[in-house]
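>>> predicted model follows, preceded by the sequence.
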Amino acid sequence: MSKVTYREAVRSALREALESDPRVFLMGEDVGKYGGSYACSKGFLDEFGPERIRDTPLSEGAFVGAGIGAAIGGMRPIVEIMTVNFSLLALDQIVNNAATLRHMSGGQISVPLVVRMATGGGRQLAAQHSHSLEGWYAHIPGIKVVAPATVTDARYMLGLALREPDPVFIFEHALLYPMEGQLGDAADLEHAAIRRAGNDVTLVTYGGSLHRSLEAAEVLASRGVDVEVVDLRSLRPIDAPTILESVANTHRAVIVDEGWRTGSLAAEISAQIMEGAFYELDAPVARVCSLEVPMPYARHLEDAALPNVERIVSAVEQLVAQHG
């Protein structure tokens, strides 16, 4: 089976959605003539026309709001936000409208909106283009939040999201776009996946940190530590049963989260492990997160700030050594 890139998987998902449902349209900054900031919609303007591939002004609040209105009116909009940092300009629309209208209308109004955005660091784009804010969105009731980390999930999560009656936010780590992988045939919006089986330690992670965690697991295997890697895939809802089952097997847990440590998604997962598997633990839950600084521009500082393989390996080894 030939490999495809993550970018190609996203493009295939977008094309299938546009071809299969005339209500679907794509809008965002530079999605048309330029072909998308990450080339995910390259050629789509010529293929589908300006009514369905809509370049927008540089106003996230305006075009996310327009997407909400279109969804309420019966369309199936896919809104692309160039980077997660820019999504903050649309938080009023997201938190006060997209997430709440079903509840405030007593179930009379649904908002079948899909929002895609790039996230994460590692590209030397400094503090206004490089943060990992998925945990902020996972805090909001009324929306679903997913983080496809494989080409298969990138290919099929979009189609599933478009079938949802409520908003779905898809976070695509920017470092993944050129990544190649074998394309499978299934995805899921609500369940975690075991990406590597193991017996000694559970690594819980998502998005761009999955592949660093898998690399760290191979390093640790060479040193006699058998690591199980859990890919969350869905950040809201979190699949607690899969995490707790893994922890019950390994009795140790390390959470790898590119968000900042304080108030992080990693903290929520740690709490759920403590609440649901406290007596299964042989050691306190450990976390590997981004350092609590705005993302640096300098390459060596950015590398040091992010959860890297060395920090993951060190955290696991310390856990095993101290509580072996």
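Yes, it's here.
>>> use CA for all of it now, contacts and neighbours both
Noted.
>>> where does this structure dip in pLDDT?
1, 324 (pLDDT under 70).
>>> residue 119 is in contact with residue 173, isn't it?
Yes - contact criterion CA atoms under 8 Å: residue 119 and residue 173 qualify, at 4.8 Å.
>>> can you give me the helices in this structure?
All helices of the chain, identified by DSSP state H, fall at 6-20, 44-48, 60-72, 84-87, 91-93, 101-104, 134-138, 151-162, 209-222, 240-250, 265-277, 299-305, 309-322.
>>> out of these, nearest to residue 112?
Closest to residue 112 of those is helix 60-72 (CA to CA; 5.4 Å).
>>> show me what that closest one is packed up against.
Helices and strands touching helix 60-72, by 3 or more CA pairs under 8 Å, 6 or more residues apart in numbering; DSSP states H and E, are strand 76-81, helix 91-93.
>>> for the longest strand seen in the chain, give me every contacting residue.
With secondary structure taken from DSSP state E, the chain has its longest strand at strand 253-260. Applying CA atoms under 8 Å, 6 or more residues apart in numbering, the external contacts of strand 253-260 come out as 120, 131-135, 201-206, 209, 213, 247, 264-266, 269-270, 284-292, 306-307, 312, 315-316.
>>> one step back: any idea which of the helices and strands packed on helix 60-72 is most buried?
A comparison of the helices and strands packed on helix 60-72 by mean neighbour count, using mean count of other CA atoms under 10 Å, puts strand 76-81 on top with a mean of 26.
>>> direction included, what does it pair against?
strand 24-28 (parallel), strand 114-119 (parallel) (DSSP bridges).
>>> residues touching that strand, excluding its own?
Against strand 76-81 from outside (CA under 8 Å, 6+ apart): 23-29, 31, 60, 63-64, 67, 70-71, 87, 112-118, 162.
>>> can you turn the buried part of the contacts of strand 253-260 into a ChimeraX selection?
Here is the ChimeraX command that selects the buried residues among the contacts of strand 253-260 (16 or more other CA atoms under 10 Å):
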select :120,131,132,133,134,135,201,202,203,204,205,206,209,213,247,264,265,266,269,270,285,286,287,288,289,290,291,306,307,312,315,316
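>>> any idea how far the residue nearest the centre of the chain is from residue 82?
With distances taken as CA atoms, centre = their mean, residue 147 lies nearest the centre of the chain, 2.2 Å away. Distance, residue 147 to residue 82, using CA to CA, to the nearest Å: 16 Å.
>>> residue 92 too?
From residue 92 to residue 82 the distance is 18 Å (CA to CA).
>>> which one of the strands paired with strand 76-81 lies closest to residue 39?
strand 114-119 (12.0 Å).
>>> and the closest one, how far from the chain's centre?
9 Å (CA atoms, centre = their mean, to the nearest Å).
>>> can I get the CA coordinates of that strand in PDB?
C-alpha atoms of strand 114-119 as PDB (Å, rounded to 0.1, in the frame of the first residue of the first chain):
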ATOM      1  CA  VAL A 114     -16.800  22.400  11.400                       C
ATOM      2  CA  VAL A 115     -13.800  24.600  12.200                       C
ATOM      3  CA  ARG A 116     -10.300  23.400  11.200                       C
ATOM      4  CA  MET A 117      -7.100  25.100  12.400                       C
ATOM      5  CA  ALA A 118      -3.400  24.500  12.500                       C
ATOM      6  CA  THR A 119      -1.800  24.400  15.900                       C
END
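>>> just the buried positions in it, please.
114-119.
>>> indicate which one of the helices and strands packed on helix 60-72 is closest to residue 49.
strand 76-81 (15.0 Å).
>>> how near is the closest residue in space to residue 146 that isn't next to it in sequence to residue 163?
Leaving out its chain neighbours, the residue that sits closest to residue 146 by CA to CA, 6 or more residues apart in numbering is residue 234, at 4.3 Å. With distances taken as CA to CA, residue 234 is found 16 Å from residue 163.
>>> with residue 206 instead?
Residue 206 is 23 Å from residue 163, by CA to CA.
>>> what do you get for residue 313?
Separation of residue 313 from residue 163 (CA to CA): 39 Å.
>>> what do you get for residue 192?
Distance, residue 192 to residue 163, using CA to CA: 20 Å.
>>> quick one: which of those two has more around it?
Taking neighbours as other CA atoms under 10 Å, residue 192 and residue 163 compare with residue 192 leading, 22 against 13.
>>> count the neighbours of the closest residue to that one other than its chain neighbours for me.
Leaving aside its sequence neighbours, residue 192 sits nearest to residue 232 (CA to CA, 6+ apart; 4.3 Å). A total of 28 residues lie near residue 232 under the criterion other CA under 10 Å.
>>> neighbours around the nearest residue to residue 86 once chain neighbours are set aside, how many?
What sits nearest to residue 86 in space, not counting adjacent residues and going by CA to CA, 6+ apart, is residue 60, at 7.2 Å. Close neighbours of residue 60, defined as other CA under 10 Å, add up to 23.
>>> understood, closing this out.
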